[in-house]
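Student: predicted model follows, preceded by the sequence.
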Amino acid sequence: MDATAPTREDHSEPLTRLPFPPVTKTHILNCSYHSWHPRYRTITPKARLLPLTPPFLSYLRADGIVLPPDPSDQDWSDSDSGIFSSTDNASDTSDDEDQDPSAQWREIHQSIRDIIEELGGKVMPKLNWSAPKDATWINATNSMECRTPNDVYLLLKSSDFVTHDLEHAFDDCEDDNTKTVTSSTDGEAQDDDRDITTRPQTLNDIPYHLILRKSFQLNPSLEFRCFVRKRRLIALCQRDLNHFDFLFSLRSHLTTKIQEFFDVRLRDTFPDENFVFDVYVPPPHEKVWLIDINPWAQRTDPLLFSWLELLEMPAPGEDEGSDTETEEEEADEEVFVPELRLVRKDDPEAYGFSTPQYSAHKLPRDVVDASRGGESGLREFAEQWKEVLARRQREEEGAESEDDA
């Protein structure tokens, strides 16, 4: 790393768990894209939010990948001379309707198509907290870029990250009685005075949204993760864990720009005092864009830091035992500059990525191709796989018989 990590303070007893403050359901919901986006719409890349219905959520949670029929595959040209008549294909049409998973959420299907067209024909999807970055291998573009609704569904249903949003959003959370901060239609923060029993308490209560962001060329070397503790920006680091030599000459400028952005835009407007946010600072490195807000919790990747380091990192102005600050303490706080940690050329991290990112989440291509064919495709693949296993078993038994002979 670029700087020596702060030494850990001595503890009278060894730590058995990281000293996180309680992670509440309210905090998790405050970090949901649909919760903070209205407040920060002008400083985020262009996006559209689509509330999701129970039938669509059931589709995302269901096993297997069955995609709606693609109308482009059903267009018949004038040159077929009536060979394929509507009468001849009546039964096929009926079968397609029976197997069309979008029959229960036609409005969402059409809305996704409309949004893709509105945003220039290419979008990048995500759910409340997570984007399906672990499933880009299944997409034809090998990226998050989607051009059709089926591209969106394929990424969402293939992603473990999205599954975590759907099944484990409240894992390791505690209930609380604090107010939830919501956003009005004009983007102003408002206290949510609803009784705690009426706020989302289970996964079924979460207002799930599909976020479709306008696709644009993002230089990963200029995306940074920023850590906020007690409303102070205490540390920053690269998101892409490779060495970029040009970043070192920009370090001071980038730190200043991100600090100013935080002070003006986020410090006093985000409802929680501890959180993690991601920013993008494209050339000429003068404007900062908010990309995401993440929970101050172990589920968020600290990247070039460790969570113990971030939790115990000394920062000025955090002495809760004193109600007043001396002039010297105030001066220290004024000059405090958070560390922007970069990957140096001689760091192991700069050379430790021979394994493709998210490779643990990938599936064999044969399985994916079979799932695209619906239930019949999966059944055919299962039969073929059984035949392969049976043939292999016969070969092994034959080899054993020859050895015995």
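Tutor: On my side now, so go ahead.

Student: residue 232 and residue 336, how far apart?
Tutor: For residue 232, the distance to residue 336 equals 8 Å [CB to CB, to the nearest Å]. Backbone N, C-alpha and C define where each C-beta goes, glycine included.

Student: overlap in contacts of these two?
Tutor: Between them, residue 232 and residue 336 share these contacting residues under CB atoms under 8 Å, 6 or more residues apart in numbering: 315, 316.

Student: those two: who's more crowded?
Tutor: With neighbours defined as other CB atoms under 10 Å, residue 232 and residue 336 compare such that residue 232 has more, 18 against 15.

Student: now do the contacts for the residue lying closest to that one once chain neighbours are set aside.
Tutor: Leaving aside its sequence neighbours, residue 232 sits nearest to residue 315 (CB to CB, 6 or more residues apart in numbering; 5.3 Å). Residues near residue 315 by CB under 8 Å, 6+ apart: 229, 230, 232, 234, 336.

Student: same thing but at 7 Å, please
Tutor: Counting by CB atoms under 7 Å, 6 or more residues apart in numbering, residue 315 makes contact with 229, 232, 234, 336.

Student: and for the residue lying closest to the last one once chain neighbours are set aside, the neighbour number?
Tutor: Leaving aside its sequence neighbours, residue 336 sits nearest to residue 316 (CB to CB, 6+ apart; 4.9 Å). By other CB under 10 Å, 16 other residues sit near residue 316.

Student: same check, this time on residue 60
Tutor: By other CB under 10 Å, 18 other residues sit near residue 60.

Student: average model confidence for the helix or strand hosting it?
Tutor: Assigned by DSSP states H and E, residue 60 belongs to helix 54-61. In this model, helix 54-61 has an average pLDDT of 95.

Student: again, but for stretch 30-42
Tutor: In this model, stretch 30-42 carries a mean pLDDT of 96.

Student: again, but for stretch 104-115
Tutor: Per-residue scores along stretch 104-115 average to 96.

Student: need the CA coordinates for it. PDB is fine.
Tutor: As requested, the backbone C-alpha atoms of stretch 104-115 are provided in PDB (Å, rounded to 0.1, in the frame of the first residue of the first chain):
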ATOM      1  CA  GLN A 104     -48.100 -11.400 -15.200                       C
ATOM      2  CA  TRP A 105     -46.000  -8.100 -15.500                       C
ATOM      3  CA  ARG A 106     -46.700  -6.700 -19.000                       C
ATOM      4  CA  GLU A 107     -46.500  -3.100 -17.800                       C
ATOM      5  CA  ILE A 108     -43.100  -3.600 -16.300                       C
ATOM      6  CA  HIS A 109     -41.900  -5.300 -19.500                       C
ATOM      7  CA  GLN A 110     -43.100  -2.500 -21.700                       C
ATOM      8  CA  SER A 111     -41.800   0.200 -19.300                       C
ATOM      9  CA  ILE A 112     -38.300  -1.300 -19.500                       C
ATOM     10  CA  ARG A 113     -38.500  -1.300 -23.200                       C
ATOM     11  CA  ASP A 114     -39.600   2.400 -23.200                       C
ATOM     12  CA  ILE A 115     -36.800   3.400 -20.700                       C
END
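
Student: how about it: buried residues?
Tutor: 105, 108, 109, 111, 112, 115 (16 or more other CB atoms under 10 Å).

Student: mind giving me CSV with those and columns for distance to residue 158 and secondary structure?
Tutor: Listed next are the buried residues of stretch 104-115 as CSV, based on distance: CB to CB, whole Å; DSSP: H, G, I helix; E, B strand; the rest coil:
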residue, distance to residue 158, secondary structure
105, 19, coil
108, 19, helix
109, 18, helix
111, 21, helix
112, 17, helix
115, 21, helix
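
Student: tell me the helices and strands packed up against the helix holding residue 60.
Tutor: When contacts are defined as 3 or more CB pairs under 7 Å, 6 or more residues apart in numbering; DSSP states H and E, helix 54-61 sits against helix 160-167.

Student: how does it look with 8 Å?
Tutor: For helix 54-61, the packing partners by 3 or more CB pairs under 8 Å, 6 or more residues apart in numbering; DSSP states H and E come out as helix 149-158, helix 160-167.

Student: who wins for proximity to residue 390 among these?
Tutor: helix 149-158 (29.2 Å; CB to CB).

Student: helices or strands next to that closest one in the packing?
Tutor: Against helix 149-158 (3+ CB pairs under 8 Å, 6+ apart) you get helix 54-61, helix 106-118, strand 123-126, strand 209-214.

Student: between helix 54-61 and it, find me the angle.
Tutor: 60 degrees (axes from the mean of the first three to the mean of the last three CA atoms, to 10 degrees).

Student: neighbours of residue 116, just the number please.
Tutor: Residue 116 - counted by other CB under 10 Å - has 23 other residues nearby.

Student: cool, residue 165 as well?
Tutor: For residue 165, the count of nearby residues is 22 (other CB under 10 Å).

Student: just to revisit the earlier point, can you tell me which of the helices and strands packed on helix 149-158 comes nearest to residue 43?
Tutor: Nearest to residue 43 among these is strand 209-214 (13.7 Å), distances taken as CB to CB.

Student: average pLDDT for the helix or strand following that closest one, rounded please.
Tutor: Of the helices and strands lying after strand 209-214 in sequence (DSSP H and E), the nearest is strand 223-229. What strand 223-229 shows for mean pLDDT is 97.

Student: show me what strand 223-229 is packed up against.
Tutor: Other elements packing on strand 223-229 under the criterion 3+ CB pairs under 8 Å, 6+ apart are strand 232-238, helix 247-261, strand 275-280, helix 307-312.

Student: distance to residue 16 and mean pLDDT for these - can I get that in TSV?
Tutor: Listed next are those as TSV, based on distance: least, CB to CB, whole Å; pLDDT from 0 to 100:
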stretch	distance to residue 16	mean pLDDT
strand 232-238	24	96
helix 247-261	35	97
strand 275-280	24	98
helix 307-312	12	93
